[in-house]
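Undergrad: here you go, sequence then predicted model.
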There are 2 protein chains.
Amino acid sequence: MSLIFSRQCEYALQAVTFLALKKDGELTSIKELAGKLRIPHHFLAKILQRLSRKGLLTSLRGPTGGFGLAMPAKEMTLFHIIEAVDGVDFTQQCVMGFPECSGKNPCAVHDKWAGLREGIYAMLVSRNIGQMAGEMKKKEYQ
Amino acid sequence: MSLIFSRQCEYALQAVTFLALKKDGELTSIKELAGKLRIPHHFLAKILQRLSRKGLLTSLRGPTGGFGLAMPAKEMTLFHIIEAVDGVDFTQQCVMGFPECSGKNPCAVHDKWAGLREGIYAMLVSRNIGQMAGEMKKKEYQ
DNA sequence: TTAATTTAAGACTAATAAGTCTGATATTAT
DNA sequence: ATAATATCAGACTTATTAGTCTTAAATTAA
């Protein structure tokens, strides 16, 4: 299997995008999120709690409780989420896994990959959750 | 964790590159490969057998036996190896994992990612094992 | 022919990611 | 106060990937 981000990370992005569609300050329960996004309830809970501890979400217990964005959606980049959930090791290692590969001793795709990776990074820091949510709204996902 | 290719796939690329450094038609044992590349012997065996079944390597049993490339190194692309080991699902799915995301109904990074993915694909089909091996030789890896 | 060496094959274990379950704690409304 | 509802926390199970072990079959050389 080839992939870039973990399933946890994908779920995180989807959940946060969903939250960005809500009114400012409004809280959404795990139950609603899990139901709408078809994500296992308790699994999603762990992910949201993690984002909460990282300061990306706010949470409140009890009835009327739930989760909400801890900052304006336009300020929360994809990179924020990915960094919090998966970490950013992919910006370091050799794609081909050659142990000796480095800037001083590059493999044959080292420089090419560095360029592509830079492109991925640029995408992740330039796109924000607000844009993701905007596209959702436009296409009438919900 | 963020990654692109599985460890099996990385090992495969390294092993095939090593084989490309050998004289044409020369066979190399798993023992030598595993030792030089620091890959678990039996794990590597599975990988090489798979590449063999896929027609990318030739193999021979017994003393003086081993594995060799089934085609000229210049004709074997990175994509050949990756396709054989990991498959090429990454060329299909939405990076963010949005289930509804498609060409008709793109997420906010759909088109941007399509471009980056195309760049990755282009790299994989344009670079061959001969080039990887050439870089190895030049930098005196062995 | 026999012993040594190597790939072939598949069952087995270990590590990690994904997902489930249970109980505690906080908050709200009755 | 009490019941209902929600997050919080952690142990637990399942699925997948990584890695190990054992035996068989093929090939070579003495």
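TA: Nice, thanks for sending it over.

Undergrad: ok, which stretches of chain A are helices?
TA: Assigned by DSSP state H, the helices in chain A fall at A:7-20, A:30-37, A:41-53, A:78-85, A:110-126, A:129-138.

Undergrad: can you lay out those as a markdown table showing mean neighbour count and distance to B:P106?
TA: Every C-beta, even on glycine, is put in place using the N, C-alpha and C of the backbone. Written out in a markdown table, the entries for the helices of chain A read as follows (neighbours: other CB atoms under 10 Å in any protein chain shown; distance: least, CB to CB, whole Å):
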| stretch | mean neighbour count | distance to B:P106 |
| --- | --- | --- |
| helix A:7-20 | 23 | 14 |
| helix A:30-37 | 16 | 18 |
| helix A:41-53 | 16 | 24 |
| helix A:78-85 | 21 | 15 |
| helix A:110-126 | 15 | 14 |
| helix A:129-138 | 19 | 7 |
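
Undergrad: wait, which of the ones you listed is closest to B:D24?
TA: Ranking those by proximity to B:D24 (CB to CB) places helix A:110-126 first, at 26.6 Å.

Undergrad: ok, that closest one near chain B or not?
TA: Yes: using CB under 8 Å from any CB of the partner chain, a contact is recorded between helix A:110-126 and chain B, made by A:112-113, A:115-116, A:119-120, A:123.

Undergrad: okay, that helix in CSV with CA atoms only?
TA: Written as CSV, here are the backbone C-alpha positions of helix A:110-126 (Å, rounded to 0.1, in the frame of the first residue of the first chain):
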residue,chain,number,x,y,z
HIS,A,110,17.0,13.3,-4.2
ASP,A,111,16.8,16.8,-5.8
LYS,A,112,13.8,16.0,-7.8
TRP,A,113,11.9,14.7,-4.8
ALA,A,114,13.0,17.7,-2.8
GLY,A,115,11.2,19.9,-5.3
LEU,A,116,8.1,17.8,-5.2
ARG,A,117,8.1,17.7,-1.4
GLU,A,118,8.5,21.5,-1.3
GLY,A,119,5.4,21.6,-3.5
ILE,A,120,3.4,19.5,-1.1
TYR,A,121,4.6,21.5,1.9
ALA,A,122,3.6,24.7,0.1
MET,A,123,0.2,23.3,-0.5
LEU,A,124,-0.3,22.3,3.1
VAL,A,125,0.7,25.7,4.6
SER,A,126,-1.1,27.8,2.0
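
Undergrad: could you list the low-pLDDT ranges of chain A?
TA: Applying pLDDT under 70 to the predicted model, the residue ranges of chain A that meet it are A:1, A:91, A:138-142.

Undergrad: turn the helices of chain A into TSV, columns for distance to B:S6.
TA: As requested, the helices of chain A are exported to TSV (distance: least, CB to CB, whole Å):
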stretch	distance to B:S6
helix A:7-20	15
helix A:30-37	27
helix A:41-53	23
helix A:78-85	20
helix A:110-126	17
helix A:129-138	28
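
Undergrad: nearest to B:I30, out of those helices?
TA: Smallest distance to B:I30 across the helices of chain A (CB to CB): 27.4 Å, for helix A:110-126.

Undergrad: elements contacting that closest one?
TA: Secondary structure elements in contact with helix A:110-126, counted by 3 or more CB pairs under 8 Å, 6 or more residues apart in numbering or on different chains; DSSP states H and E, are helix A:78-85, helix B:110-126.

Undergrad: could you tell me the angle between that helix and helix A:78-85?
TA: 100 degrees (axes from the mean of the first three to the mean of the last three CA atoms, to 10 degrees).

Undergrad: burial count for A:M96?
TA: The tally of other residues near A:M96 (other CB atoms under 10 Å in any protein chain shown) stands at 24.

Undergrad: next one: the one 10 residues further on
TA: When neighbours are defined as other CB under 10 Å, A:P106 has 18 of them.

Undergrad: quick one: the nearest residue to it once chain neighbours are set aside from A:T77, how far?
TA: Of all residues not flanking A:P106 in the chain, B:E135 sits nearest, at 7.2 Å (CB to CB, 6 or more residues apart in numbering or on different chains). Counting by CB to CB, to the nearest Å, the gap between B:E135 and A:T77 amounts to 35 Å.

Undergrad: cool, A:L13 as well?
TA: Using CB to CB, which is the criterion applied here, A:L13 is 11 Å from A:T77.

Undergrad: good, wrapping up.
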